[in-house]
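Chemist: take a look and give me a structure for this.
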Amino acid sequence: MLRNFFSFIFELIKIVVISLVIIIPIRYFLIQPFYVKGASMEPNFFDHEYLIIDEITYRFEEPKRGDIVVFRYPRNPQEYFIKRLIGLPGETIQIKDGSVIIYNEANPEGMMIAEEYLEPGTKTYGLTENKIELNGNEYYVLGDNRNSSKDSRSFGPVNESFITGRVLFRGWPFNRIKVFEAPEYF
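Modeler: As a prediction, the model looks like this:
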């Protein structure tokens, strides 16, 4: 009887150790759960939705315009934000007349981006119409709910080192499960 008990405990310990060896690397290096708090990404993400964040892709490829990313807030790295990547390293961004204009090598005269994921009629307003130049490791992020979002318009560009990963899919609520990909802009 005692021998069966110790055999059971030993098997239980093996299962726990094997599970941890599998789960911990996945959780800390590949994917991470994220819980949405706030209205800055409505109507695409609502308060209390549960997301899975892909942490590995950006180790092998550069983030793309339109990716929805989770990053550490530059003014308080203990907080995490979710926003959409709008400006890429080396580009210049201007918010003018309610639109976002991107200046880069392909569009030296500037190109207004079409943001199909926003509510129809949504205007983007900035604190200034000045152009913002991004360094080689900076990204410009905006919330989808432009009138209720604390984003690069208020805290500036986000350094690449603050980006945790991109939103892979929404797992909760079940009626809104969805896999996310970056939209085409130009």
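
Chemist: least trustworthy helix or strand in this protein by mean pLDDT?
Modeler: strand 31-35 (a mean of 63; mean pLDDT, DSSP states H and E).

Chemist: for the lengthiest strand in the chain, name the packing helices and strands.
Modeler: Longest strand of the chain, by residue count under DSSP state E: strand 76-87. The criterion is 3 or more Cβ pairs under 8 Å, 6 or more residues apart in numbering; DSSP states H and E, and the helices and strands that strand 76-87 contacts are strand 68-73, strand 99-103, strand 138-142, helix 152-155. (Glycine included, C-beta is placed from N, CA and C.)

Chemist: which residues in the protein form strands?
Modeler: 31-35, 50-54, 68-73, 76-87, 92-96, 99-103, 111-112, 132-133, 138-142, 158-159, 163-172, 178-179.

Chemist: deepest of those, which one?
Modeler: Ranked by mean neighbour count, these are led by strand 138-142 with a mean of 24 (mean count of other Cβ atoms under 10 Å).

Chemist: now that strand against strand 76-87, angle please.
Modeler: Angle, strand 138-142 to strand 76-87, by axes from the mean of the first three to the mean of the last three Cα atoms, to 10 degrees: 90 degrees.

Chemist: what's in contact with strand 138-142?
Modeler: 63, 69, 71, 81, 83-89, 91, 93, 100, 124, 132, 134, 149, 151-153, 157-160, 163 (Cβ atoms under 8 Å, 6 or more residues apart in numbering).

Chemist: contact partners for the residue most central in space within the chain?
Modeler: Centroid check for the chain by Cα atoms, centre = their mean gives V69 as the closest residue, at 1.0 Å. Neighbouring residues of V69 by Cβ under 8 Å, 6+ apart: P63, I82, K83, R84, L85, Y139, V141, I163, T164, G165, R166, V167.

Chemist: for the third one, list each beta-bridge partner.
Modeler: To tie it back to what came earlier, the one meant is K83. Beta-bridge partners of K83, counted by DSSP bridges, are V69.
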